Structures are given as structure tokens and as C-alpha cells.
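*Asks:* below are the sequence and a predicted model for it; my questions follow.
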Amino acid sequence: MSRQKRDRSSTGVYHIMLRGINRGDIFLEDDDKAVFLNILLQKKSKGEYALHAYCLMDNHLHLLIDEKEDDIARIMKRIGITYVSYFNKKYQRIGPLFQDRYKSEKVENDGYLLTAMRYIHNNPVAAGLVKNQGAYKWSSYNEYLKQRKSLMVADTALILGIFGSDVKYAQEGFLEFMKQKDDVRYLDDYNETDELEQGKRIWQKLSLEKIEGEIRLRELRERTGLSIRKLSIITGINKDKISRILK
């Protein structure tokens with residue numbers, strides 16, 4: 001069966017998500033995330049694209065990319081090939097690392113550009129990894145506040161410019177916007193109802209099989225690959241506790 005052609009963004013901007021195969025980890029160490037950021041910077045420096053936001057999680061990543069003069073499919077292919085080659089060599093493995101093709105959504109206006117950026121930066125908080133966006137090392141959040149002294153990867157001018165021409169005033173607007181909530185559905189929220197229903201059935205089945213405690217939770221995670229947030233919804237267990245159990 002042929003692949004369905006992707007809808008083109010009239011602005012050239014896309015919200016991208018890339019997930020590990022079978023929901024497995026694509027970053028095993030912090031060094032892997034650092035290498036990926038360097039790949040993004042290397043490709044970007046050649047004028048292939050602009051990167052407005054990013055967040056690297058253990059088993060998936062989010063990018064907010066403006067393809068500029070290049071094509072998003074070629075951009076993602078070059079990024080993917082370079083990183084998979086590094087990863088497979090380092091961990092002495094063969095075969096694909098990413099699940100299918102990347103997912104993408106068109107960003108056609110400033111409103112979605114901003115909400116997608118906020119969603120991307122909020123991923124670690126939603127997953128229960130940190131209490132606030134600024135505490136997470138592997139996103140572009142702190143680049144917007146000029147609080148990172150190490151590698152600067154994101155192109156922050158476009159989004160900050162929406163909040164104002166004065167940098168300090170724009171950063172204050174950015175911070176205020178990041179505190180707001182929205183009910184927009186994003187890439188990794190699609191089919192969430194089906195995932196939760198399946199998870200609930202497996203959770204109940206494990207109970208009938210007399211599997212209890214932490215073993216039951218670990219088994220649910222192994223069978224479904226669900227996020228900590230979704231595991232918490234299904235089990236009623238606090239996200240922080242689930243995070244500690246699964247470490």
C-alpha cells in the first residue's frame with residue numbers, strides 16, 4: 001500500500017513528533033540527547049531549516065520546524081539517518097530506531113504556533129518528570145529566557161517577536177503565556193481514548209490474574225508502553241509514584 005501524501009503547510013512550519021519503535025527509548029543517556037541537539041544544529045547551520053522549539057524525551061521527541069527552502073521530508077530523513085547511524089554504532093545494534101514515519105501537523109497561523117510551542121515545552125511536566133518547564137534540561141524553554149549557557153539550538157526571535165519588540169518585555173509575555181492552559185489536541189493525543197480503554201482492560205486482566213503491586217504496574221507499562229500520565233489515569237496512582245516505581 002502506498003503512503004498517503006502529507007498535507008503541505010502554506011507557512012512552511014510544522015509540528016513534528018518522532019517516536020521510538022515499539023515505543024522504546026531513542027535516548028539511553030544524556031550524551032545521546034546532546035548528540036541529537038548537535039545534529040539539529042549542524043543541519044540547521046547549513047540553512048536547511050529554522051527550529052522554533054524542541055523537546056527531547058526518552059522515547060520520543062517534538063520539533064517545531066520551518067522548512068525554509070528545503071522540504072520537511074528531506075530534512076527529517078537527513079536528521080534521522082545521521083542520528084540512527086550514531087545510535088546503532090554506539091549500542092552495537094542494527095535495524096530501525098524510529099516507529100514508522102514522523103508525525104506532522106501543519107502550523108498555519110501564529111495562534112497554533114504559540115500553542116504548539118507551549119505544548120512542546122510542557123511535555124516533561126505532563127509526564128511527571130519535572131514540576132516546571134524550566135527544570136527540564138532537554139528542551140528549548142530556557143533558550144527563550146537566555147538562561148542556558150551551553151548549546152543554543154532554537155531560533156527564538158520569531159515567537160518572541162509575537163510578544164513584543166523589546167526582548168525583556170517579550171520574555172515576560174512568553175512566561176505569562178506558558179502558564180496558561182488549553183484544550184487543543186496534539187499529535188501524541190490522537191487515539192488516546194482507544195489507548196486508555198485498552199490499558200484499562202489489561203489492568204483489569206492483570207488483577208484477575210492475581211498480579212498485584214509494583215509488578216502489576218510494570219507489566220502494564222511493558223505491555224502498552226503508555227506514558228506516566230496515561231498510566232496514572234488508568235490506575236489512579238500518583239504520577240510521581242509511578243515515575244519512582246518505573247525507574
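*Replies:* Now that the structure is in, tell me what you want to look at.
*Asks:* contacts for the helix or strand where Thr115 lies?
*Replies:* Assigned by DSSP states H and E, Thr115 belongs to helix 110-126. With contact meaning C-beta atoms under 8 Å, 6 or more residues apart in numbering, helix 110-126 is reached by 13, 15, 52-55, 57, 62-64, 105, 107, 130-133, 135-136, 138-141, 158-159, 162, 177-178, 180, 182, 184, 186, 229. In this view, the C-beta of every residue, glycine as well, is placed from N, C-alpha and C.
*Asks:* cool, stretch 27-41 as well?
*Replies:* Residues external to stretch 27-41 that are found in contact with it (C-beta under 8 Å, 6+ apart): 26, 51, 54, 56-58, 61, 63, 79, 82-83, 86-87, 90-91, 137-138, 151, 153.
*Asks:* now do the SS call for Lys168.
*Replies:* Under DSSP: H, G, I helix; E, B strand; the rest coil, Lys168 falls in the helix class.
*Asks:* next one: Gln147
*Replies:* Secondary structure assignment for Gln147 (three-state DSSP): coil.
*Asks:* give me the nearest residue to it, chain neighbours excluded.
*Replies:* Gly134 (7.3 Å; C-beta to C-beta, 6 or more residues apart in numbering).
*Asks:* pretty sure that neighbour is in a strand, no?
*Replies:* No. According to three-state DSSP, the state of Gly134 is helix, so it is not within a strand.
*Asks:* ok, it to Leu41 distance?
*Replies:* 21 Å (C-beta to C-beta, to the nearest Å).
*Asks:* just Thr156 next, same as before
*Replies:* Here the distance between Thr156 and Leu41 works out to 14 Å (C-beta to C-beta).
*Asks:* pick out whichever of those two has more residues nearby.
*Replies:* Thr156 (22 against 14; other C-beta atoms under 10 Å).
*Asks:* quick check: domain ranges of the chain?
*Replies:* Structurally, the chain divides into domains by automatic domain parsing as follows: 13-188, 191-246.
*Asks:* per-residue confidence averaged over the longest one?
*Replies:* Just to be clear, that refers to domain 13-188. Mean pLDDT, taken over the full extent of domain 13-188, equals 90.
*Asks:* quick one, which of the contacts of stretch 27-41 are buried?
*Replies:* When the contacts of stretch 27-41 are checked for burial by 16 or more other C-beta atoms under 10 Å, the buried set is 26, 51, 54, 56-58, 61, 63, 79, 82-83, 87, 138, 153.
*Asks:* please narrow the residues you listed to those residing in strands.
*Replies:* For the buried ones among the contacts of stretch 27-41, membership in strands holds for 51, 54, 56, 61, 63, with DSSP state E as the criterion.
*Asks:* columns distance to Asp70 on top of the buried ones among the contacts of stretch 27-41, output as CSV?
*Replies:* Compiled in CSV, the buried ones among the contacts of stretch 27-41 are given as follows (distance: C-beta to C-beta, whole Å):
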residue, distance to Asp70
Ile26, 23
Leu51, 13
Tyr54, 17
Leu56, 22
Met57, 25
Asp58, 28
Leu61, 19
Leu63, 14
Ile79, 11
Thr82, 15
Tyr83, 18
Phe87, 23
Trp138, 25
Val153, 17
